[in-house]
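Asker: Please find the sequence and the predicted model below.
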Amino acid sequence: MPISDGDRGFTLLETLVALTIALVLLAATPRLFAPGAGALETAAGIVTAELRRARTDALVSGAVRAVRFDLDPPAVRGPDGPPVPLPGGVALRLTTAAEASDAGGTQGIVFFEDGSSTGGTVALRRDGAETVLTVRWLTGAVQRDTGPATPSRTGDPVAGGPRDD
């Protein structure tokens, strides 16, 4: 018996594609609706882009490039640009090499001609969520880690734990 146009159903492939799309959307939903996720994601994107742009510029130009951070109000400044303010409510915490500070004491991360850097971490916090950007000193690579804000993630001493005083 031939199948008419009105008797058609979904193929197995169409069903699998629809399920895959639904699972991807379901996995992304909690992150989209987490408190402060939009502002924190935007801030992390801005800082990551500036760090990667500075590293690429250092490699291409063969000159040292630095990314500077203003803590109050939180802002990031690329090698040749004005400060870019971070979204409201985002707190910024840095761990950088003392040698990477400029004459005015502004902290930063410096990228060298070979792509290496002074290294460091940039912790961005908002509403109990945290994104930590780690810049590797040897390669200058930027690694991003997102999760709940905890003291041990950024090197802060944990309450009751050992301290390096």
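Answerer: It's in.
Asker: Could you use CA atoms for every contact and neighbour count after this?
Answerer: Noted.
Asker: buried residues in stretch 119-130?
Answerer: 119, 120, 121, 122, 123, 124, 125, 126, 129, 130 (16 or more other Cα atoms under 10 Å).
Asker: Equivalent analysis for stretch 80-87, please.
Answerer: In stretch 80-87, counting by 16+ other Cα under 10 Å, buried: 84, 85, 86, 87.
Asker: Just give me the neighbour total for residue 107.
Answerer: Residue 107 is flanked by 22 other residues according to other Cα atoms under 10 Å.
Asker: which non-adjacent residue is nearest it?
Answerer: residue 101 (4.5 Å; Cα to Cα, 6 or more residues apart in numbering).
Asker: and that neighbour, how many neighbours does it have?
Answerer: Other residues close to residue 101 by other Cα under 10 Å number 17.
Asker: again with residue 23
Answerer: Residue 23, neighbours per other Cα under 10 Å, totals 12.
Asker: likewise residue 15?
Answerer: Quick note: residue 15 (other Cα under 10 Å) scores 10 neighbours.
Asker: ditto for the one 3 residues further on
Answerer: Neighbouring residues of residue 18 were enumerated by other Cα under 10 Å; the total is 10.
Asker: just checking, next helix/strand downstream of the least confident helix or strand in the chain by mean pLDDT?
Answerer: Counting by mean pLDDT, DSSP states H and E, the chain has its least confident helix or strand at helix 12-33, which shows a mean of 77. Next along the chain after helix 12-33, taking DSSP states H and E as the criterion, comes helix 37-61.
Asker: residues contacting the residue most central in space within the chain?
Answerer: The centroid of the chain falls nearest to residue 44 when counting by Cα atoms, centre = their mean (3.7 Å). When contacts are counted by Cα atoms under 8 Å, 6 or more residues apart in numbering, residue 44 is found next to 124, 131, 133.
Asker: mind listing which of these are in strands?
Answerer: 124, 131, 133 (DSSP state E).
Asker: Of the residues you listed, which is the nearest to residue 27?
Answerer: residue 131 (18.6 Å; Cα to Cα).
Asker: Buried residues of stretch 102-118, list them for me.
Answerer: So stretch 102-118, judged by 16+ other Cα under 10 Å, has buried residues 107, 108, 109, 110, 111, 112, 113, 114, 115, 116, 117, 118.
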